[in-house]
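Peer 1: no sequence for this one, just the structure:
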């Protein structure tokens, strides 16, 4: 346990502590004996060293390397959320490269400054598969750090460390670009291009366009489609199931699949499928467009048609109205109903222009 002590012929406090390698050290400090502020500052420093020393003793006592427990922790915690598990495992593979590079094999070795170091390292990396100098964005790096923070909190709960050094980092995200609505001519162009693309892309695009679902949700078992009661069930975020009305425009598509004996709408590609969509939109020179714009389009069309918000949320699968409204892209031309509602009795003289001043 770290401590402070007085040394003969010295007017400054000395401290005794054990470093991260287990070596006992004795050092002079800048804090003067007999000065209240200095004495209290020295005491706080000794308390910090005591925590670090206790953490070091834990590490010496047992091996808590990340490779020993993190994969099992993810598998057990997110067993019922395969999409979340896949995302966390992908982010952890990136974090593992950084930890290995900097010899951070266990929670006890991680310092708060490593978070900033990771942010600089991650945002300097080029995105594989894309030409030019396109690098990983800050928000993607912060997502990796968020997942790493979850891992470090678990290490704290297991007693591997006493405190989480990367909690409450207060690193701000960059403002996300607003995803646009797809206009009718945009949809026509995409459909034309999809004729020359793999079949799974056409299927996922049509399902998302009519049902307003996410890309991962367009890959679903065909027994989730019920023609008798006209419903379709999606496996959405957090492993929840969302049953909504099946759009009649998709009925021929699903009927054809069932006649062929398919069990799934399509087999999810093993590679990063979002990259295929990025390349398609880039070829069509549709700046700022991603597959998720289909969800924006569906929600905006529902709002434009005057569909009740609760009904729209039930159809799309949103549980919070605040999130639902983020997707709406109503324009000035959609506000004619507001103009019609604000009609007042007027007299001819009220319509005259005011005299010039």
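Peer 2: Nice, I can see it. From a predicted model like this one, the values you see are computed outputs, not experimental measurements.
Peer 1: all contacts plus neighbour counts: C-alpha atoms, from now on.
Peer 2: Will do.
Peer 1: contact partners of the host helix or strand of residue 251?
Peer 2: With elements taken from DSSP states H and E, the one containing residue 251 is helix 251-259. Applying C-alpha atoms under 8 Å, 6 or more residues apart in numbering, the set of residues contacting helix 251-259 from outside is 222, 225, 227, 265.
Peer 1: so how far is residue 149 from the closest residue to the second one other than its chain neighbours?
Peer 2: If the residues on either side of it in the chain are set aside, residue 225 comes closest to residue 232, at 4.5 Å by C-alpha to C-alpha, 6 or more residues apart in numbering. Summarising the geometry, the distance separating residue 232 from residue 149, computed by C-alpha to C-alpha, to the nearest Å, is 37 Å.
Peer 1: can you pull the contacts of the closest residue to residue 246 other than its chain neighbours?
Peer 2: Distance criterion C-alpha to C-alpha, 6+ apart; nearest residue to residue 246, sequence neighbours excluded, is residue 231 at 4.6 Å. By C-alpha under 8 Å, 6+ apart, the contact set of residue 231 is 225, 243-246.
Peer 1: enumerate the beta-bridge partners assigned to residue 231.
Peer 2: Residue 231 forms beta bridges with residue 226, residue 245, as assigned by DSSP bridges.
Peer 1: so where's the stretch 251-357 of the chain uncertain?
Peer 2: Within the stretch 251-357 of the chain, the stretches with pLDDT under 70 are 271, 323, 325, 328-331, 333-341, 343-357.
Peer 1: go on, the stretch 101-250 of the chain?
Peer 2: Ranges of the stretch 101-250 of the chain meeting pLDDT under 70: 127-134, 238.
Peer 1: per-domain residue ranges of this protein.
Peer 2: For the chain, the domain assignment from automatic domain parsing gives the residue ranges 3-61, 66-157, 184-334.
Peer 1: helix or strand next in line after the helix holding residue 251, which one?
Peer 2: Assigned by DSSP H and E, the successor of helix 251-259 is helix 273-283.
Peer 1: contacts for that next one, please.
Peer 2: With C-alpha under 8 Å, 6+ apart, helix 273-283 has contacts from 193, 287, 289-291.
Peer 1: this completes my enquiry, with thanks.
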